[in-house]
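Engineer: quick one, what's the 3D model for this:
(one chain, ligands or ions: 1)
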Amino acid sequence: MTPSTRPTASTGTETSTGATASTIDDGTDLLSRAAALDAADPLAALRERFVPGDGDLVAYLDGNSLGRPLLATRERLSRFVDEVWAPRLIRGWDEGWMDSPLTLGDTLGRLTLGAAPGQTVVADSTTVMLYKLARAALSARPGRTEIVLDSENFPTDRYVLEGVAAETGTRLVWIDPDPSAGVTADQVAAVTGPQTALVVLSHVAFKSGYLADVPAITDIVHRDGALVLWDLCHSAGVVPVELDDWDVDLAVGCTYKYLNGGPGSPAFGYVARRLQGELRQPVQGWMGHAEPFTMGPGYRPAEGMRRFISGTPPVVGMLAMRDMLELIEEAGLDAVRAKSLALTSYVVEVADRILAPYGVEVSGPREPERRGGHVMLSHPAFRELMPRLWERGVIPDFRPPQGLRVGLSPLSTSFTEVTLGLREVAGLLGDLP
Ligand SMILES: Cc1ncc(COP(=O)(O)O)c(C=O)c1O
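Structural biologist: Residues are numbered from 1 along each chain as shown. Have a look, this model is predicted:
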């Protein structure tokens, strides 16, 4: 970075060639502040429950992409092989595996979604579940011609809906939200009407971290007689969600982020009980049949959530998330949210202090109540800095065009870790030519 654009420290004296290294605020004192925050954190001890990273790991700031494994998961996986899979073999299907999408779904729904039993299933990937529920919703609103979505939503949501629209002859109606914020209730109200079949939005925007007003938007959609499908990938396990109280119709989400289900763990889907009878999902596999083992002619959907299952449950993929769900229950989701807010607020504070002088901007909500569990920082050099950050053991995410996404999984992330990571970012920015 050229001297003229180097930051000046409040205590330093700027020379004619710009600030010298000694005048740059590198946030050294932030480490003692972070240590105090860690000491006061009521959830700090729970970090010990996670498998440590390799010796080079300085800061894992991507728990919202892939959560870290718990020590309990190591145990659970090996016990499963030795005590369940090997001895029980195919009998396992009658001893809980077959029902696991529903039983685990109920647990996940109770602990993280505000969903009463019988409305949540664990299956498929988010992409596939999104397709199934969106397609089912459209069939339940015949004669309506439009799907509402937004241009800042995660690619898979947009791509799947493009496919659904092509398949059904439905028109896509795009909302263009402020990229550093998200979709507002007014924007939804402006485009929905009697022609709207379905609205698909994310609760927490995957880039900006903006937290949408689910109850207000859901209400608007319902007033127009349409259905709403919420993508909860970036909220499940970190932001309290009340699907039943908010009268949500449909929801999907990942389990490998804040639910620590591991790479490729299956998604969850929620369908409000009042809709289950009228919805028919399109991937009519044998496991969603009313009587899968009669293997008879013709598809007849099972009652309740089982009809939203298509194929054999991914039993092994459903193991790890159980440990995180137990930990969330132990900590309490409100306490998890409180720590998440403290961490994201701290990132904003540190970024304003040691990164803003290099031109870094916070490109997400500054009001904590409008923020999910991550913070998006923006700078033109972030793309080229990513490999160097990884080399230094600092692992955030990059999101185009120039976003450094700082993900803060509350139960595995400390304030000290955040400080060390952001100081590396500042150091690399300072080293730029
Ligand atoms: C908001 C959002 N929706 C959907 C997905 C896609 O999920 P999957 O790859 O499991 O289908 C992701 C993945 O990161 C996501 O962040």
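
Engineer: the stretch 251-400 of the chain: strands as residue ranges?
Structural biologist: In the stretch 251-400 of the chain, the segments counted as strands under DSSP state E, counting those that start in this stretch are 267-271, 361-362, 374-378, 394-395, 397-399.

Engineer: can you add distance to the ligand, mean neighbour count and mean pLDDT and give these back as CSV?
Structural biologist: All C-beta spots, glycine's among them, are computed from the backbone N, C-alpha and C. Listed next are the strands of the stretch 251-400 of the chain as CSV, based on distance: least, C-beta to the nearest ligand atom, whole Å; neighbours: other C-beta atoms under 10 Å; pLDDT from 0 to 100:
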stretch, distance to the ligand, mean neighbour count, mean pLDDT
strand 267-271, 6, 28, 98
strand 361-362, 20, 19, 98
strand 374-378, 11, 26, 98
strand 394-395, 16, 22, 98
strand 397-399, 10, 17, 94
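
Engineer: assign a three-state SS to Phe206, would you?
Structural biologist: Assigned with DSSP: H, G, I helix; E, B strand; the rest coil, Phe206 falls in the coil class.

Engineer: so for Asp29, what's the pLDDT?
Structural biologist: With respect to pLDDT, Asp29 has a value of 89.

Engineer: same question, the one 3 residues further on
Structural biologist: Reading off the confidence values, Ser32 has pLDDT 95.

Engineer: you'd agree it is in a helix?
Structural biologist: Yes - checked against three-state DSSP, Ser32 lies within a helix.

Engineer: so how far is the ligand from it?
Structural biologist: Distance, Ser32 to the ligand, using C-beta to the nearest ligand atom, to the nearest Å: 35 Å.

Engineer: so who does that residue touch?
Structural biologist: Ser32 is in contact with no residue at all, counting by C-beta atoms under 8 Å, 6 or more residues apart in numbering.

Engineer: check Gly288 too.
Structural biologist: Taking C-beta under 8 Å, 6+ apart, one finds 281, 299, 301-302, 306-310 in contact with Gly288.

Engineer: let's see that with 7 Å instead.
Structural biologist: Each residue near Gly288 by C-beta atoms under 7 Å, 6 or more residues apart in numbering is listed here: 301-302, 306-310.

Engineer: ditto for Phe80
Structural biologist: If you count contacts by C-beta under 7 Å, 6+ apart, Phe80 has them with Leu319.

Engineer: my read is it is in a helix, agree?
Structural biologist: Yes - according to three-state DSSP, Phe80 belongs to a helix.

Engineer: ok, it to Val362 distance?
Structural biologist: When distance is defined by C-beta to C-beta, to the nearest Å, Phe80 is 43 Å away from Val362.

Engineer: got the domain ranges for this structure?
Structural biologist: Annotated domains of the chain cover 3-70+332-431, 98-314 [automatic domain parsing].

Engineer: tell me where the stretch 1-150 of the chain is predicted with low confidence.
Structural biologist: Along the stretch 1-150 of the chain, segments meeting pLDDT under 70 span 1-24.

Engineer: could you pull out the helices in the stretch 301-433 of the chain for me?
Structural biologist: Assigned by DSSP state H, counting those that start in this stretch, the stretch 301-433 of the chain shows helices spanning 320-331, 333-350, 382-391, 415-431.

Engineer: CSV for the ones you listed, including mean neighbour count?
Structural biologist: Formatted as CSV, those follow (neighbours: other C-beta atoms under 10 Å):
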stretch, mean neighbour count
helix 320-331, 20
helix 333-350, 20
helix 382-391, 16
helix 415-431, 21
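
Engineer: can you check which of those helices gets nearest to the ligand?
Structural biologist: helix 320-331 (13.0 Å; C-beta to the nearest ligand atom).
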